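# Here is the input, now give the coordinates:
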Amino acid sequence: GGGGPPQKPSGVLRRCDRVQNVLLRDKDGELHAHLQSAGIEPQIYCLKWIRLLLGREFHLEDVLVIWDAIFADHQARPAPEGEEGFALLDYLCVAMVTYLRSELLGRDSLTCLRRLLKYPPVEDVTTLIVRAFHLRTPPPSGL
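Residues are numbered from 1 along each chain as shown. Below is the predicted model:
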């Protein structure tokens with residue numbers, strides 16, 4: 001066997017894990033628990049989303065709107081040292097999962113996977129972008 005240190009997961013795999021096991025868990029614990037109990041690993045659906053910058057999930061015109069948001073946000077809020085860039089992408093992935101909440105909760109793992117891997121048409125992708133910004137912005141203190 002090959003000795004040496006264990007391999008660190010790639011940046012994309014770390015991102016997938018963060019989407020489901022940090023951000024989604026924080027924003028929607030019930031949905032996160034359901035995906036976990038269904039045995040759905042984040043890299044199964046999220047790897048394609050992140051690697052292709054959501055380019056296969058939406059029509060080209062919508063992808064361009066999403067990319068504008070991702071790149072403009074990155075320009076306005078560059079990643080701090082040691083963090084992945086283009087953070088809005090992670091929140092867009094969380095927004096996409098939570099958008100399907102009612103179609104995922106209570107369904108078996110095959111149904112959930114099918115829905116996540118073949119994302120349904122979204123009438124207006126700006127709703128996902130707005131949702132992603134809301135997910136990222138902490139609520140005002142004192143509420």
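# report the longest helix in the protein, please.
Longest helix in the chain by number of residues (criterion: DSSP state H): helix 60-76.
# average model confidence for that one?
Averaging pLDDT along helix 60-76 gives 96.
# Past it, which element shows up next along the chain?
On the C-terminal side of helix 60-76, the closest following helix or strand by DSSP states H and E is helix 87-99.
# follow-up on the earlier one: by contact count, what packs against the longest helix of the chain?
Contact analysis of helix 60-76 by 3 or more Cβ pairs under 8 Å, 6 or more residues apart in numbering; DSSP states H and E lists helix 87-99, helix 126-136 as its packing neighbours. Glycine gets a C-beta too; all of them are placed from N, C-alpha and C.
# Enumerate every residue touching the residue nearest to the spatial centre of the chain.
A centroid search over the chain (Cα atoms, centre = their mean) returns C93, at 2.0 Å, as the residue closest to the centre. Going by Cβ atoms under 8 Å, 6 or more residues apart in numbering, C93 touches V19, C46, W49, I50.
# Please apply the same query to Y99.
By Cβ under 8 Å, 6+ apart, Y99 lies in contact with V122, T127, L128, R131.
# Quick one: residues contacting the third one.
The reference is to L128. L128 touches I66, L92, A95, M96, Y99, V122, counting by Cβ under 8 Å, 6+ apart.
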